[in-house]
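Engineer: Task: produce atomic coordinates for the following.
(one chain, ligands or ions: 2)
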Amino acid sequence: HHQRDQYHPYLVDIYEQLPVPFGLVRFGVAPDHPEVKNVINTFTQTARHSRCSFYGNVNVGKDVSVEELQQAYHAVVLVTTQTILPGEDLAGVYSAKDFVGWYNGLPSCQELSPDLSCETAVILGQGNVALDVARVLLSPIDILKKTDITHPALEALAESQVRRVLIVGRRGPMQVACTIKELREMVNLPDTRPEMVVADFQGVIDALKDLPRPRKRLTQLLLKTALEIPGEMEQERRNKASRTWGFRFFRSPVKVLADPDHNRTAGIRLAVNRLEGSGEGACAMLTEEVEDVSCGLVISSIGYRSVPIDPSIPFDSHKAIVPNTMGRVQQAAGLYCSGWLKTGPTGVIATTMNNSFDTARSLMEDMDSGVLHISSAKPGSQTIRALLEKRGVKPVTFSNWEKIDSVEVKRGEATGKPREKLLTVEEMLQVART
Ligand SMILES: Cc1cc2nc3c(=O)[nH]c(=O)nc-3n(C[C@H](O)[C@H](O)[C@H](O)COP(=O)(O)OP(=O)(O)OC[C@H]3O[C@@H](n4cnc5c(N)ncnc54)[C@H](O)[C@@H]3O)c2cc1C
Ligand SMILES: NC(=O)c1ccc[n+]([C@@H]2O[C@H](COP(=O)([O-])OP(=O)(O)OC[C@H]3O[C@@H](n4cnc5c(N)ncnc54)[C@H](OP(=O)(O)O)[C@@H]3O)[C@@H](O)[C@H]2O)c1
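Structural biologist: Ligands and ions are numbered 1, 2, ... in the order given. Take a look at the predicted model:
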């Protein structure tokens, strides 16, 4: 916003609604994937840069409007994925977003306390999030207790009665949305055995040779898991396993079935589909047939959807993205977007980062070409901080966050975990301000 030195004139301020940074890397990525979270080191380096400031505990659209930010800064980049996932209101039905938020310590999901007193759980959707949830439900507690999973979730999972997890997809084995690494983790998960339906794989062996490479390898692993007679050691491992998991293909959810005597889930009605077309673009078409599956827990994991955070921002509600060209928000000079808000809710962290570099490039190009008027100074955070103070909002700085971080790490040490997360905004703010 204002020039600081001749060579590196730009300042970057980050506004975040929570008192803690890192979004889905902290609140989405599964606790048993600590290596994925190493990217936090890179983010931390950026945040500690002398020209970067972090303002946590600031809800854009509520505490400060996008318009106010635009007045204060030369450019505003929106990355505020605030996702929703359709759910149901019976006890025993959850969205993966809430379930993941619960075990990862997202403050707004701590009341969830999911009911894990049933034997069978059904997960709707066959993406990587579905597999994360399945793995967390079935992992031996000894594996989970060394991760940064929250203490309440660990206690609940230790008491869990869930022994069988069905991962339901509307299309077939050649259309699963998960990736091979995540499938392999399922296949190798200690104390579990796969339970597939052989008939679902009809014709798959013949189609294998025409599949593109990553899809081919994924399909081969599925075939091996479902059809191959296991070797002696694997057979023994499977015989000893106390828990099962399996994919169910060609099924779309119709409705959750209630236990008539209690307001809770007794099962799910699935419509049987047939595929029209082939390959990635194949469509699931409903048939007349339905099938009821008994289960006490349903977790819907059919993808995320961004929601608009400020009415002034253009929003394509069909695609659930901000309409943009290379990160430039259409018909809004000085406004950019990135993250899942720009692309829709797919892509791993690396994809999302590359996409953000593209947006940054667009912004730099616009500065060079004069599309973005940067000749006059703008007040930047100075105005915004004054506005926030007037509104009683106290931002959390990056060094405040580092206090939270060290408290969490210290709490974790006691129990051999990488960290024990603080679970409420109040507690986070209290620690940040000590
Ligand atoms: C459950 C799950 C597990 C995943 N696991 C992996 C994995 O193992 N490996 C991998 O590579 N990728 C994984 N991903 C994908 C990865 O998380 C995403 O690609 C990436 O985090 C998306 O980044 P983003 O910046 O768009 O969104 P986010 O990370 O969600 O960041 C958006 C930020 O905006 C903030 N915000 C929202 N609304 C407001 C507001 N009004 N004001 C201020 N701030 C606001 C949010 O609090 C959040 O911090 C996973 C995704 C999910 C959902
Ligand atoms: N370990 C990791 O690297 C990791 C972990 C978690 C997440 N991620 C990434 O984060 C992104 C989001 O993951 P995700 O699992 O939420 O999304 P996803 O990969 O898009 O999977 C969504 C699943 O839901 C199904 N689905 C969508 N709409 C449906 C409907 N109306 N009815 C029935 N089924 C429906 C999809 O089936 P169709 O294919 O038929 O649409 C698909 O199986 C992905 O890019 C993922 O790779 C990565």
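Engineer: how far away is the residue of the chain found nearest ligand 2 from Ala284?
Structural biologist: Ligand 2 sits closest to Gly127 of the chain, with a gap of 2.2 Å, by C-beta to the nearest ligand atom. Every C-beta, even on glycine, is put in place using the N, C-alpha and C of the backbone. In this structure, Gly127 and Ala284 are 15 Å apart, going by C-beta to C-beta, to the nearest Å.
Engineer: between these two, which one's more packed in?
Structural biologist: Ranked by neighbour count (other C-beta atoms under 10 Å), Gly127 and Ala284 place Gly127 first, with 22 against 19.
Engineer: Isn't the more buried one up against Cys178?
Structural biologist: Yes: Gly127 is within contact range of Cys178, at 5.8 Å (criterion: C-beta atoms under 8 Å).
Engineer: Up against ligand 1, what does this protein have?
Structural biologist: Contact residues (C-beta under 6 Å from any ligand atom) of the chain with ligand 1: 15-18, 23-25, 28-29, 33, 36, 59-61, 79-82, 100, 129, 132, 304, 309, 339-340, 347-349, 352.
Engineer: List buried residues within these.
Structural biologist: By neighbour count, with 16 or more other C-beta atoms under 10 Å, the residues of the chain next to ligand 1 hold 15-18, 23-25, 28-29, 60-61, 79-82, 100, 129, 132, 304, 309, 339-340, 352 as buried.
Engineer: Tell me which of the residues you listed fall in strands.
Structural biologist: If you go by DSSP state E, these have Tyr15 in strands.
Engineer: Skipping adjacent residues, who's closest to Glu67 in space?
Structural biologist: In space, and not counting its chain neighbours, Glu67 is closest to Ser312: 5.6 Å by C-beta to C-beta, 6 or more residues apart in numbering.
Engineer: Check the burial of that neighbour by counting its neighbours.
Structural biologist: The burial count for Ser312: 14, using other C-beta under 10 Å.
Engineer: Quick check: it vs Gln331, distance?
Structural biologist: Between Ser312 and Gln331 the distance, using C-beta to C-beta, works out to 12 Å.
Engineer: got it, and Asp261?
Structural biologist: 56 Å.
Engineer: same thing with Glu234?
Structural biologist: Counting by C-beta to C-beta, the gap from Glu234 to Gln331 is 58 Å.
Engineer: Show me which of these two is the more surrounded one.
Structural biologist: Glu234 (13 against 8).
Engineer: Would you agree that one falls within a helix?
Structural biologist: Yes: the assignment for Glu234 is a helix, going by DSSP: H, G, I helix; E, B strand; the rest coil.
Engineer: For it, give me the pLDDT.
Structural biologist: Each residue has a pLDDT score; the one for Glu234 is 96.
Engineer: Same check on Asp5?
Structural biologist: In this prediction, Asp5 has a pLDDT value of 46.
Engineer: With His373 instead?
Structural biologist: Value for His373, per-residue pLDDT: 88.
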